[in-house]
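**Student:** Take a look and give me a structure for this.
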Amino acid sequence: MKPIMENPIKMAARLYQCRDTAKRFFRDEYQEKLKPYTHILSAVMKANNLDEIPALLKISETHTYQDNAMGQMMFMAAVVEMIEPSECLHDRYCDQQTKDMKCKSKSGCNFKE
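**Tutor:** Here you go, the predicted structure:
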């Protein structure tokens with residue numbers, strides 16, 4: 001029998017591995033290439049009242065996801081970035097009520113993704 005925490009830890013490691021691979025592959029274009037995936041993920045979260053990982057699991061059931069290895073990697077990278085952004089100009093978070101990406105800044109920033 002596997003320890004209870006082994007699967008979530010392996011899943012987190014895989015998500016971070018995909019994010020790191022995508023960052024190495026796209027380099028300076030990474031944030032721009034990631035945008036469509038974060039938008040889709042946010043839309044699925046909002047439409048189904050889900051958090052990031054359950055939304056990814058819902059997306060993973062689609063044929064489009066299953067037939068596209070690059071898309072799989074990018075959706076996994078998007079999940080990591082939504083939960084714990086690696087690099088950005090804004091201190092982002094996912095608003096749990098609206099499922100939108102917003103900026104934590106108190107300076108009146110209007111960032112919304």
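
**Student:** going forward, measure contacts and count neighbours with C-alpha atoms only.
**Tutor:** Will do.

**Student:** Can you report how many residues lie near Cys18?
**Tutor:** Cys18 has 21 neighbouring residues, counting by other CA atoms under 10 Å.

**Student:** For it, which non-adjacent residue is closest in space?
**Tutor:** Met73 (5.3 Å; CA to CA, 6 or more residues apart in numbering).

**Student:** Pull the distance from whatever helix or strand that neighbour lives in to the chain's centre.
**Tutor:** In this assignment (DSSP states H and E), Met73 forms part of helix 69-83. Its chain's C-alpha centre and that of helix 69-83 lie 5 Å apart, by CA atoms, centre = their mean, to the nearest Å.

**Student:** List the buried residues for it?
**Tutor:** Across helix 69-83, burial judged by 16 or more other CA atoms under 10 Å covers Gln72, Met73, Met74, Phe75, Met76, Ala77, Ala78, Val79, Val80, Glu81, Met82.

**Student:** Could you check how far the residue nearest to Cys18 is from Ala47?
**Tutor:** The gap separating Met73 from Ala47 is 22 Å, by CA to CA, to the nearest Å.

**Student:** where's the strand or helix carrying Cys18 relative to the chain centroid, distance-wise?
**Tutor:** Assessed by DSSP H and E, Cys18 sits inside helix 6-26. Relative to the chain's own centre, helix 6-26 is displaced by 11 Å; criterion: CA atoms, centre = their mean.

**Student:** returning to that earlier point: make CSV out of the buried residues of helix 69-83 and add distance to His39.
**Tutor:** Shown next, in CSV, are the buried residues of helix 69-83 (distance: CA to CA, whole Å):
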residue, distance to His39
Gln72, 15
Met73, 15
Met74, 12
Phe75, 10
Met76, 13
Ala77, 13
Ala78, 9
Val79, 11
Val80, 14
Glu81, 12
Met82, 10
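
**Student:** before we move on, back to that, report the mean per-residue pLDDT for the helix holding Met73.
**Tutor:** Averaging pLDDT along helix 69-83 yields 94.
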